[in-house]
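[1] next one to model:
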Amino acid sequence: MAGAPDGYAPHPYIGGRAAVLRTLAAWRTERPGTPRVLVLTGNPGSGRSHLIAGFLMLCDPEYRKRLPLNDLDPSTVPPELPAPAVPGAAGMTAGQVVRLLADHFGLAADAPSDVFTELASLADPVTVVVPDIDRAGPVRAAEEPARLTREVLKPLAAIETVRLLTELPRPLADEFAAGLPVGTVQVIDLDAPQWADPQGLVLQAEALLNPRLGAPDMSFTTDPPTRRSLAEAIGRRTGTDPLTVQLAVQSLLMSPYAFAPHDEALLPSSIGEALDLHARRLGADPRTLRDLLAPLALAEGDGLPVDIWERLVNAVAGKDMSAVIAGSSALTGPFVQSLQTDGDDDTRTLLQLLHPAIGDEVRAGLPNVRAAQTQIAMALLEAVPEQDWGKADPYVRDHIAGHTLEAGLLPQLLTDPGLFVHADPVPLRAAVEAVPTDELGAPARTYLRTAPLLTRTQAPAVLRAALLETAFVEDGLPDYADAIHRLGLNLPWQTLWSLPVPGITAVTVGNLPRPEGPATPVAVLAVRAGTPGARPDSESGEGDRSAVLVHSLVGDTATAPDLSQVLRPSEAERAAAPLGLSRGADYLRVRNRVSEEVVATLLSDTPFTAVDLSPDGILLVATERGAKALRIR
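    As a prediction, the model looks like this:
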């Protein structure tokens, strides 16, 4: 790469932006008069995330050793200090970013407000860098960037001992800065003349065209004067946008022609022009290129598996695109990259757009985004073998909720227990939370209540199924609990019943003898006096202040016998039982006494107030919501 102005070498990763780097270095140095909070903004593709990544290289003590610091402008290099906290927001929810902060600083708090309180009480000031706000959230349509700005960045910026650097889309940057005292924050708009770096764009283009840096040998890449002239023309056309520079160069390098265009009008000045000019250069209709990219622009997660992409291209275009897809590598090449990931059984290839700004451009050109997402949702549903979510492609089961959310169809999808069980709970929860509660049916509300437990514990499918099964019983949805048992999973329990009785302080199992036949197993619940169906507890010695409720352990009928008739298991019977019980505040483990194998783990989003285990393996538990009985299998 050619040298930078003033005789200094450009940053090897950024390749320019000296004015911004000087401001960032002054912020990191805490130079008097510098704002405590810095925000980078600009048009999509302006290089906000790229710039922060390059600056963090200068802030990391280990990475600094790999940079030619002595060749860089000293005013752009911050002093060597401990690395800042960097809770990256890409794919993360606001709550996850807060937990990353808590983990970095060793804070004990769980609730976001408590994390910020503890952060403010630390003895020394702290530095926090939050990149990739525009990529936040597991579901694009859930608008997590706005939520993260309001629920994380604003509280952070309000703490006097926090020095914050972040990057935001322009509307969110304006909203964020408007709520802070004058002098606290500086917004750097990378497209504004004082921060734009036209010379840096020329250097970027020249480097991308250089065969020594990976470009193919072509007439306009091997001849230095021609290469420089082309780089200057690209820089003039693109103005302030590094992404358009990259797309312009990649389009030329994939062109069937060995010469560069002499007319600058054949070079793009925007991402949209880069798409259209590339298609025309290859003799294709620009609409065809956008049809190929549309599913990727609407995709969720890390990208689309190749076979799913092909299916969705046909769905969005509304016609068979197989012939076009077969020869599309050169057409889509400048705008698409592949990613190798480890799937359930083998490595698979995902396709994703080179940059989210390309997706913004393609979505803006769609006649109707909701209609396109509807076509995608229908195609994904058709791709589920036998409508069995356990057999569905991971992309389909984990991300169909994001597509149906943007299509306005998610509430209709949220009636299938199989989806609740098999889908990744992080994106599914984010999608469900984006739907107004009054539009959700009862099963979806149960899922929403249980989802924090599923995401916090990263529960596997079998445990998700078991926790949802018992939640459905608690919420009076036995048909949904039965449907989970029909999914073919080996659940560790069956929930026999649930009683929504608050204030239970103790539980015990026992047997109620009958004149004829075996005794009836019962649950004895210590409840508040006046609880419907309960009778005073004569054994407690508390008179009218305590009562008991006796309930059939294996059925659904309450009984009210004299408590003295109930026989509790003896210590010998308990010791001889095949299962044993251990507990924490919000978990219970049932073990095989002989092998010590854990046969069931019950988790709760509210602390257990009382537990007991019958000799024949029925688990009786109580929380502040009530009591329930589970037959351990």
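[2] low-confidence ranges in the chain?
    1-6, 343-345, 538-545, 555-563 (pLDDT under 70).
[3] what does the longest strand seen in it contact?
    If you go by DSSP state E, the chain has its longest strand at strand 520-528. With contacts defined as C-beta atoms under 8 Å, 6 or more residues apart in numbering, strand 520-528 is touched by 499, 501-512, 514, 534, 537, 540, 546-554, 559, 563, 566, 610, 614, 616, 618, 620, 622, 627, 629. No exception for glycine: its C-beta is placed from N, CA and C like everyone else's.
[4] switch the cut-off to 7 Å
    Under the contact criterion C-beta atoms under 7 Å, 6 or more residues apart in numbering, strand 520-528 has outside partners 501, 503-512, 514, 534, 537, 546-554, 559, 566, 614, 618, 620, 622, 627, 629.
[5] partners of it in the sheet?
    Sheet pairing of strand 520-528 (DSSP bridges) gives strand 506-512 (antiparallel), strand 546-552 (antiparallel).
[6] most tightly surrounded among the ones you listed?
    Stretch with highest mean neighbour count among the strands paired with strand 520-528: strand 546-552 (a mean of 21; mean count of other C-beta atoms under 10 Å).
[7] could I get the full set of helices for the stretch 451-600 of the chain?
    461-474, 478-485, 571-576 (DSSP state H, counting those that start in this stretch).
[8] can you put those in a markdown table and add distance to residue 391 and mean neighbour count?
    Conversion of those to a markdown table gives the following (distance: least, C-beta to C-beta, whole Å; neighbours: other C-beta atoms under 10 Å):
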| stretch | distance to residue 391 | mean neighbour count |
| --- | --- | --- |
| helix 461-474 | 12 | 23 |
| helix 478-485 | 17 | 17 |
| helix 571-576 | 43 | 11 |
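[9] ok so, going back, how about the longest strand of the chain: buried residues?
    520, 521, 522, 523, 524, 525, 526, 527 (16 or more other C-beta atoms under 10 Å).
[10] from residue 522, how far off is the most far-flung residue of the chain relative to its centre?
    For the chain, the C-alpha lying farthest from the average C-alpha position belongs to residue 515; by C-alpha atoms, centre = their mean, that distance is 59.7 Å. Taking C-beta to C-beta, to the nearest Å as the measure, residue 515 falls 16 Å from residue 522.
[11] same deal with residue 267?
    On the measure of C-beta to C-beta, residue 267 and residue 522 end up 83 Å apart.
[12] which residues sit in contact with residue 508?
    Contacts of residue 508 (C-beta under 7 Å, 6+ apart): 524, 568, 612.
[13] just those now: which is nearest residue 581?
    residue 612 (8.0 Å; C-beta to C-beta).
[14] that closest one falls within a strand, correct?
    Yes - per DSSP: H, G, I helix; E, B strand; the rest coil, residue 612 lies within a strand segment.
[15] wait, it sits on residue 621?
    No - with contact defined as C-beta atoms under 7 Å, residue 612 does not reach residue 621; the gap is 8.2 Å.
[16] distance check, the closest residue to residue 566 other than its chain neighbours against residue 523.
    Excluding the flanking residues, the one nearest residue 566 by C-beta to C-beta, 6 or more residues apart in numbering is residue 510, at 4.2 Å. Distance, residue 510 to residue 523, using C-beta to C-beta: 8 Å.
[17] check contacts around residue 189.
    41, 42, 195.
[18] go on, residue 236?
    residue 264.
[19] the helix or strand hosting residue 406 packs against which elements?
    Per DSSP states H and E: residue 406 is located in helix 394-407. The contact analysis (3 or more C-beta pairs under 7 Å, 6 or more residues apart in numbering; DSSP states H and E) places helix 394-407 against helix 369-382, helix 410-413, helix 425-433.
[20] apply 6 Å and report the result again.
    Packed against helix 394-407 by the contact rule (3 or more C-beta pairs under 6 Å, 6 or more residues apart in numbering; DSSP states H and E) you find helix 369-382, helix 425-433.
[21] dump the ones you listed into a markdown table; add distance to residue 585 and mean neighbour count as well.
    Formatted as a markdown table, the helices and strands packed on helix 394-407 follow (distance: least, C-beta to C-beta, whole Å; neighbours: other C-beta under 10 Å):
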| stretch | distance to residue 585 | mean neighbour count |
| --- | --- | --- |
| helix 369-382 | 40 | 18 |
| helix 425-433 | 22 | 24 |
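[22] between these, which gets nearest to residue 581?
    helix 425-433 (27.0 Å).
[23] residues near the nearest residue in space to residue 14 that is not next to it in sequence, how many?
    Nearest residue to residue 14, sequence neighbours excluded (C-beta to C-beta, 6+ apart): residue 54, at 3.8 Å. For residue 54, the tally of surrounding residues (other C-beta atoms under 10 Å) stands at 21.
[24] repeat for residue 237
    Counted with other C-beta under 10 Å, residue 237 comes out at 21.
[25] how close does it get to residue 577?
    79 Å.
[26] for residue 329, same thing?
    The separation that residue 329 has from residue 577, given C-beta to C-beta, amounts to 65 Å.
[27] rewinding a little: for the buried residues of strand 520-528, which one is nearest residue 594?
    For the buried residues of strand 520-528, with residue 594 as the reference and C-beta to C-beta as the criterion, the closest is residue 521, at 23.5 Å.
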